[in-house]
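**Student:** Sharing a model that was predicted from the sequence below.
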Amino acid sequence: MELPTGKKCQQLQEILDTVRKREDFMIHHSSKRMSKARMDEKELERFLQQAHELYANDIKTSLEQTSLNIPSLFRMTNQIAILDTGSVPEMFGRPRQFSKSTVGIFQDLELIIRYPELFAVGDSAINYPKQILKTDHDLMFVLEDLVICNNFPNVSNCCLEIEPKCESGSEHFVQIYTVAHDSTKELLKNTLVNDYLSQIVDAAFFEEKGISTGLCKRLKKYIMKKMFGMQSENPKDHTKILIEQEGPSVNMKVTIKSSDKILLDCDFLLALPLESWPASASEWITRTRKWPSQNTIRSLCSEKCYVVAKPRFPGDDSFWRISFSKQELDLAKELPEKARNVYLRLKVVFKQWIKLVYPELKSYHMKTAFYWWMEEQDPSQWEAAHLTSENLLDSLIQKLMIFIKTGTLPHYFIPAVNLLPISAFQRFRILTNVTLASKTWLRKIRKPTVTINSAQGPNFSIEYKRQDLQTKAPQLASNPAEADQDKVSSYRDDFLQYGIISLYPEVCSYCKFITSLTI
């Protein structure tokens with residue numbers, strides 16, 4: 001089990017204090033070095049243009065030619081837009097790629113000797129913030145003609161509608177329904193979009209039995225010739241391309257065959273546009289802040305928001321997550337240079353130290369804390385000489401520690417949502433309460449069994465025996481008094497707030513009885 005929150009915070013505080021006192025930290029992470037850890041505008045423009053020409057445009061064409069088949073809809077999807085998202089276009093890191101043009105790749109040993117920073121590990125990596133902050137390239141393909149109505153009534157006759165009711169604390173997750181000719185509605189599952197994208201990307205790179213397509217061959221040839229200077233017409237292929245489904249995205253990696261070192265890393269994601277700004281994010285428009293400016297706020301609110309097929313919890317196929325990727329991209333462009341470097345230093349601290357103590361935290365948590373901190377900063381201070389990089393980093397880390405100590409990190413656009421994951425200690429406490437509360441009710445089902453996994457690991461689960469549930473469900477439906485529905489429903493709402501349960505459909509539809517709980 002994890003350390004209790006207090007001890008974990010104390011340990012994290014001690015590590016951060018030690019980092020800040022290291023005299024060599026600011027030397028190794030000077031403003032000059034941090035500026036090299038990301039692309040400038042011209043580099044970024046060239047990179048994105050090459051990425052689109054090499055693989056993004058081909059995938060876009062495939063998506064346009066092979067429409068997403070939603071059985072209950074009469075519209076086809078063939079208007080696709082590409083949106084570059086994530087740390088690379090936000091200039092919070094460099095793409096994870098090998099871009100040297102003066103070396104052959106005949107032997108991995110030669111590569112390592114010539115470019116040690118590419119393979120730097122351990123303490124030596126601290127000299128290379130450019131290496132530490134390397135990240136994958138995120139590409140979002142927007143199905144522009146599948147607009148989702150989120151402002152009722154549906155006067156635009158959108159073929160998709162959002163479920164207007166959402167649970168408190170989980171407003172960033174929504175359900176989507178298709179609207180047919182006769183106005184009947186059907187739940188749109190996120191797995192439909194995920195499977196569709198996976199098939200399109202896989203077919204773009206490989207034919208049957210793993211045979212490379214023209215796109216695959218062209219990309220590998222480009223890497224061998226442009227990245228490694230192999231100028232022959234048909235250079236020997238030392239690379240391989242891997243396509244894997246990773247949650248709502250499909251990941252594409254180009255690696256060296258003999259060592260699996262990453263030469264190119266890209267995530268593909270499908271998104272559906274919302275018709276208007278989400279009501280759950282209305283507070284972001286009106287709250288008092290010092291940054292960004294009101295003009296920027298008005299501009300960002302006029303941009304489209306999206307939903308992506310991100311499950312709410314493992315095994316979930318009904319929820320989608322609201323995405324503010326376009327707003328985050330434009331917001332990053334408004335950052336002063338000094339502020340950007342402060343955040344890049346925090347990312348280095350996160351990747352090298354914070355993750356070791358608090359592995360549940362992700363880079364997105366760091367960015368969210370940073371934007372909340374930015375709202376408190378006077379814009380005039382970025383030109384002040386007396387505010388050093390050390391002072392600013394200390395201030396940002398203190399803000400981060402406040403979020404961690406209180407256990408609350410509000411979503412930047414939807415502050416009713418707490419992004420911090422509950423601790424294993426809290427999960428175990430919830431698990432115990434669930435077990436005690438449900439045992440009495442479980443006796444109503446013949447031969448119930450309860451299995452609890454080891455309490456020493458980060459994951460716990462209760463598994464109820466489902467024997468005869470299908471025959472028992474109608475009986476429960478005809479005798480609703482047998483089910484303490486109010487109590488079960490209240491437990492269910494609490495569990496769903498944490499996104500940690502799945503419901504057995506046959507029983508859920510009758511009495512909302514919890515038959516499977518995974519924490």
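**Tutor:** Received it, and whenever you're ready, just let me know what you need. Residues are numbered from 1 along each chain as shown.
**Student:** Which pLDDT value does the model give Leu436?
**Tutor:** Note on Leu436: pLDDT of 49.
**Student:** Next: Met1.
**Tutor:** 32.
**Student:** before we move on, what about the one 5 residues further on?
**Tutor:** According to the model's per-residue confidence, Gly6 sits at a pLDDT of 64.
**Student:** do Ala56 as well
**Tutor:** We have a pLDDT of 96 for Ala56.
**Student:** quick one: it from Cys159, how far?
**Tutor:** 26 Å (Cβ to Cβ, to the nearest Å). No exception for glycine: its C-beta is placed from N, CA and C like everyone else's.
**Student:** Do you have the strands of the stretch 201-350 of the chain handy? List them.
**Tutor:** Using DSSP state E, counting those that start in this stretch, the strands found in the stretch 201-350 of the chain span residues 239-246, 249-256, 262-273, 306-308, 320-323.
**Student:** List the neighbouring strands of the last one plus their orientation.
**Tutor:** Meaning strand 320-323. When pairing is defined by DSSP bridges, strand 320-323 lines up against strand 173-174 (antiparallel), strand 306-308 (antiparallel).
**Student:** and of those strands, who's closest to Lys217?
**Tutor:** Comparison of the strands paired with strand 320-323 against Lys217 by Cβ to Cβ identifies strand 306-308 as nearest, at 30.6 Å.
**Student:** what stretches of the stretch 151-300 of the chain score poorly on pLDDT?
**Tutor:** Applying pLDDT under 70 to the stretch 151-300 of the chain picks out residues 226-236.
**Student:** is it possible to export the strands of the stretch 201-350 of the chain to a markdown table including mean neighbour count and distance to Leu48?
**Tutor:** Listed next are the strands of the stretch 201-350 of the chain as a markdown table, based on neighbours: other Cβ atoms under 10 Å; distance: least, Cβ to Cβ, whole Å:
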| stretch | mean neighbour count | distance to Leu48 |
| --- | --- | --- |
| strand 239-246 | 15 | 20 |
| strand 249-256 | 20 | 16 |
| strand 262-273 | 23 | 12 |
| strand 306-308 | 24 | 19 |
| strand 320-323 | 24 | 19 |
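**Student:** so which of those gets nearest Glu64?
**Tutor:** Between the strands of the stretch 201-350 of the chain, strand 262-273 lies closest to Glu64; by Cβ to Cβ that is 12.8 Å.
**Student:** Output that closest one as CSV, nothing but the C-alphas.
**Tutor:** Written as CSV, here are the backbone C-alpha positions of strand 262-273 (Å, rounded to 0.1, in the frame of the first residue of the first chain):
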residue,chain,number,x,y,z
ILE,A,262,12.9,5.2,-30.6
LEU,A,263,13.5,7.3,-33.7
LEU,A,264,10.0,8.6,-34.1
ASP,A,265,7.0,8.5,-31.8
CYS,A,266,3.5,9.7,-32.6
ASP,A,267,0.0,9.3,-31.1
PHE,A,268,-3.1,9.4,-33.3
LEU,A,269,-6.5,10.4,-31.7
LEU,A,270,-10.0,10.9,-33.1
ALA,A,271,-12.2,13.7,-31.8
LEU,A,272,-15.8,14.9,-32.3
PRO,A,273,-16.5,18.7,-32.1
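**Student:** So what are the sheet partners of that strand and their directions?
**Tutor:** strand 137-143 (parallel), strand 249-256 (antiparallel), strand 306-308 (antiparallel).
**Student:** now do the same end-to-end measure for stretch 380-387.
**Tutor:** 11 Å (Cα to Cα, to the nearest Å).
**Student:** try stretch 330-340
**Tutor:** 14 Å.
**Student:** Need the contact partners of that stretch.
**Tutor:** 31, 35, 38, 90-92, 291-293, 296, 299-300, 303, 343, 371, 374, 377, 379, 382, 389, 392 (Cβ atoms under 8 Å, 6 or more residues apart in numbering).
**Student:** how close does Glu208 get to Gln199?
**Tutor:** Distance check for Glu208 against Gln199: by Cβ to Cβ, it reads 13 Å.
**Student:** so where's the stretch 401-519 of the chain shaky on pLDDT?
**Tutor:** Short version for the stretch 401-519 of the chain, where the test is pLDDT under 70: 421-519.
**Student:** Mind doing that once more with 50?
**Tutor:** 425, 428, 430, 434-519 (pLDDT under 50).
**Student:** Looking at the strands paired with strand 320-323, spot the one closest to Ala279.
**Tutor:** strand 173-174 (11.0 Å).
**Student:** following that closest one, which helix or strand shows up next?
**Tutor:** strand 176-179 (DSSP states H and E).
**Student:** Format the CA atom coordinates belonging to that next one as CSV.
**Tutor:** Provided in CSV are the C-alpha atoms of strand 176-179 (Å, rounded to 0.1, in the frame of the first residue of the first chain):
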residue,chain,number,x,y,z
ILE,A,176,-23.2,10.8,-26.3
TYR,A,177,-26.4,9.6,-28.1
THR,A,178,-27.1,9.3,-31.8
VAL,A,179,-30.3,10.9,-33.0
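**Student:** Partner strands of it and their direction?
**Tutor:** strand 160-162 (antiparallel), strand 185-187 (antiparallel).
**Student:** Tell me which of these lies nearest to Lys42.
**Tutor:** For Lys42, the closest of these is strand 160-162, at 39.3 Å, according to Cβ to Cβ.
**Student:** can you list contacts of the closest one?
**Tutor:** 146-150, 152, 154, 174-179, 185, 188, 272, 274, 307.
**Student:** Provide a ChimeraX selection command restricted to the buried entries of those.
**Tutor:** Buried subset of the contacts of strand 160-162, written as a ChimeraX selection, criterion 16 or more other Cβ atoms under 10 Å:
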select :146,147,148,149,150,154,174,175,176,177,178,179,188,272,274,307
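**Student:** how close does the residue nearest to Met252 when sequence neighbours are not counted sit to Glu337?
**Tutor:** Distance criterion Cβ to Cβ, 6 or more residues apart in numbering; nearest residue to Met252, sequence neighbours excluded, is Cys266 at 4.8 Å. For Cys266, the distance to Glu337 (Cβ to Cβ) stands at 27 Å.
**Student:** cool, and Gln327?
**Tutor:** 21 Å.
**Student:** do the same with Gln131
**Tutor:** If you go by Cβ to Cβ, the gap between Gln131 and Glu337 works out to 21 Å.
**Student:** and those two? which has more neighbours close in?
**Tutor:** Neighbours per residue, other Cβ atoms under 10 Å: of Gln131 and Glu337, the larger number sits with Gln131, 19 against 11.
**Student:** any idea which element the more buried one lies in?
**Tutor:** Assigned by DSSP H and E, Gln131 belongs to helix 129-132.
**Student:** CA atoms only: put that helix into PDB for me.
**Tutor:** Extracted as PDB, the C-alpha positions of helix 129-132 are listed here (Å, rounded to 0.1, in the frame of the first residue of the first chain):
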ATOM      1  CA  PRO A 129      17.200  18.800 -20.500                       C
ATOM      2  CA  LYS A 130      16.600  18.600 -24.300                       C
ATOM      3  CA  GLN A 131      16.700  14.800 -23.900                       C
ATOM      4  CA  ILE A 132      14.600  14.700 -20.700                       C
END
